[in-house]
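Asker: Need a 3D model of the sequence below.
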Amino acid sequence: MMGSNEGDSDEKPVHRVTISKPFYMSVYEITQKEWREVMGNNPSYFKGDNLPVENVSWYDAIEYCNKRSVKEGLTPAYSGSGNAIQCNFNASGYRLPTEAEWEWAARGGGKDPLEYTYSGSNSADTVAWYGSNSGGSTHSVGTKRANSLGLYDMSGNVYEWCWDWKGSYGNSAVTDPLGAASGSYRVLRGGCWNSDMQYVRSADRGFNTPSDRSYVLGLRVVSAQRTDLAAAAQAPAPAPAPVVVPAAPAVRTAPAGMALVPAGTFMMGSNDGYDDEKPVHRVTISKPFYMSVYEVTQKEWRDVMGTTIAQQWAAAWNSGSPTRGTGDSYPMYCVSWQEAIEYCNWRSVKEGLTPAYSGSGNAIQCNFNASGYRLPTEAEWEWAARGGGKDPREYTYSGSNSADTVAWYFDNSEYSTHSVGTKRANSLGIYDMSGNVWEWCWDWYNSLYYGIAAVTDPLGAELGINRVLRGGSWSNDAQVVRSALRYGSTPKDRYSNLGFRVVRP
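Answerer: As a prediction, the model looks like this:
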């Protein structure tokens, strides 16, 4: 589906587009070295071999494609001049992508499990050099994280010329659209180093006259046949056959950093707590699962997402430096529910597991049978916090009736997070389920849900405004770090006491 209902008017209506043939796209924006080797000059304002070429008009980009094609013994794609330039899309040579090809590639060519806002992420800082992080210049290509096709800088760094004349979208489904038949402006995509975050979205549409040159205008190229372009944006393939999940081995070995939480039945909620903790009701967790021993740390986050706690803090508060604890072993915070979902999928891909999440916004879905990482359900979280049936008694907090024994909370935290695992673990060997940072769960929050909850593997309310948070944090009093305490926040919220931990089958 091309376009966005949440963007500017020229991104609407969202409409179905089919790219019928696979094509090859350059992994990086064309660099100044690549340009100089073909064109014999370097028009760029910012200088450096590995910086993207800029100050390039649409006509310049067309000329580069043809000259590079000739140099490599390929058939040039372009003929004619001025507004009468024509493209032979079956030629073997290099050309600019169509706008539809560009957006298809930016969205991962069908490989992204989630519908990301930017190319490969819902965090602009993870994948893009743009106005808030560029320092006022372009950057070497490939220094931000790639999307699922292995393409870099599709969001930010320099705007990228496309073939199309700028025109309006229609409502009908289309195949291989080529843009308006004529016009005054050619399409630009991807935003640039001085763009606001809004303009580096995958759906955003830019434009300029084809003769314009500026230090924000660059390009990347595509080809119908493999040359030295190292990434292919593939047309949709038939749906794969269902995955056959083998039987579990007789003895389960926990993945590194995770504890096995057994299946079992427990009494969920509390008659001594708030109204949303009532009624106490019997819940069965029918399948064992693994849960991370620690809350996701700042190092674990950085290794997967490529962003630091300082960048997350800046994204949340728009200024200053993090003041709630920094260090590799500290829990990650200032993380939204949406970002936690994204982390789960990217970590799954990185480790060769099947991502659990698909969809976007309020329509995100979870495949609970996938091998990858996910957030716990609220019931799984409370079952694990209560020791998974291993606690000799029903503790108020996770592993103790003393908050000071197991939790960093308001009375002892000194207004900061602390290194994970520095308080006592519960009976499953899981740390910090009471205090340190709130932990996101899968479920929509509903204060009345316990009265209608399923008794086996409940997944929470069907819809809602807030997602469930559990465990309390460094900023809360002892009442709030109890194992039964329930809370919720909107999925976009990033606060300095919000973090998470992960589970997997």
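Asker: Only the buried residues of the one helix or strand residue 300 maps to, if you could.
Answerer: Counting by DSSP states H and E, the element that carries residue 300 is helix 298-305. If you call a residue buried by 16 or more other C-beta atoms under 10 Å, then helix 298-305 has these buried ones: 298, 300, 301, 302, 304, 305. Using the backbone N, CA and C atoms, a C-beta is placed for each residue, glycine as well.
Asker: Go ahead and confirm the fifth one touches residue 347.
Answerer: Yes - contact status for residue 304 versus residue 347: in contact at 4.8 Å, counting by C-beta atoms under 8 Å.
Asker: Check the spacing between residue 388 and residue 183 real quick.
Answerer: Computed as C-beta to C-beta, to the nearest Å, the residue 388 to residue 183 distance reads 64 Å.
Asker: Of the two, give the one with the bigger neighbour count.
Answerer: residue 388 (24 against 16; other C-beta atoms under 10 Å).
Asker: From the contact counts, what lies against the helix holding residue 300?
Answerer: Under the contact criterion of 3 or more C-beta pairs under 8 Å, 6 or more residues apart in numbering; DSSP states H and E, helix 298-305 touches helix 309-317, helix 337-350.
Asker: which of these is buried the deepest?
Answerer: A comparison of the helices and strands packed on helix 298-305 by mean neighbour count, using mean count of other C-beta atoms under 10 Å, puts helix 337-350 on top with a mean of 23.
Asker: low-confidence ranges in the stretch 101-250 of the chain?
Answerer: Confidence mapping of the stretch 101-250 of the chain against pLDDT under 70 gives the ranges 226-250.
Asker: ok so, going back, who touches both of residue 304 and residue 347?
Answerer: Common contact partners of residue 304 and residue 347 (C-beta atoms under 8 Å, 6 or more residues apart in numbering): none.
Asker: In the stretch 201-350 of the chain, what residue spans correspond to strands?
Answerer: Ranges of strands in the stretch 201-350 of the chain, per DSSP state E, counting those that start in this stretch, are 205-208, 217-218, 222-223, 231-233, 258-261, 264-268, 281-285, 289-292.
Asker: Quick one: closest of those strands to residue 138.
Answerer: Residue 138 lies closest to strand 217-218 among the strands of the stretch 201-350 of the chain, at 8.2 Å (C-beta to C-beta).
Asker: one step back: residue 136: which of the strands of the stretch 201-350 of the chain is closest?
Answerer: Among the strands of the stretch 201-350 of the chain, strand 217-218 comes nearest to residue 136, with 16.5 Å by C-beta to C-beta.
Asker: Tell me which residues are up against the closest one.
Answerer: Here strand 217-218 makes contact (C-beta under 8 Å, 6+ apart) with 29-30, 52-57, 157-161, 188, 192, 208.
Asker: Sheet partners, orientation included, of it?
Answerer: Applying DSSP bridges to the sheet, strand 217-218 is found paired with strand 159-165 (parallel).
Asker: Which stretches in the stretch 351-500 of the chain count as strands?
Answerer: Taking DSSP E, counting those that start in this stretch to define them, one finds strands in the stretch 351-500 of the chain at 357-358, 365-366, 438-444, 467-470, 487-489, 498-499.
Asker: Make TSV out of the ones you listed and add mean pLDDT and mean neighbour count.
Answerer: TSV is the format used below for the strands of the stretch 351-500 of the chain (pLDDT from 0 to 100; neighbours: other C-beta atoms under 10 Å):
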stretch	mean pLDDT	mean neighbour count
strand 357-358	95	19
strand 365-366	96	14
strand 438-444	98	26
strand 467-470	98	26
strand 487-489	97	19
strand 498-499	98	26
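Asker: residues in contact with the closest residue to residue 137 other than its chain neighbours?
Answerer: Leaving aside its sequence neighbours, residue 137 sits nearest to residue 46 (C-beta to C-beta, 6 or more residues apart in numbering; 5.1 Å). Residue 46 is in contact with 54, 137, 138, 215, counting by C-beta under 8 Å, 6+ apart.
Asker: Just flag the most distant two among those.
Answerer: 54 and 137 (10.2 Å).
Asker: higher neighbour count, these two?
Answerer: residue 54 (27 against 14).
Asker: How much space separates that one from residue 32?
Answerer: Separation of residue 54 from residue 32 (C-beta to C-beta): 9 Å.
Asker: Overlap in contacts, these two.
Answerer: Joint contacts of residue 54 and residue 32 (C-beta under 8 Å, 6+ apart) are residue 44.
Asker: what's next to the helix holding residue 300, contact-wise?
Answerer: Outside helix 298-305, the residues within contact range by C-beta under 8 Å, 6+ apart are 121, 123, 126, 145, 307-309, 312, 326-332, 335, 339, 342-343, 346-347, 350.
Asker: Can you check the pLDDT for residue 6?
Answerer: Residue-level confidence at residue 6 comes out at 86, pLDDT.
Asker: can I assume it sits in a strand?
Answerer: No - under DSSP: H, G, I helix; E, B strand; the rest coil, residue 6 sits outside any strand and is assigned coil.
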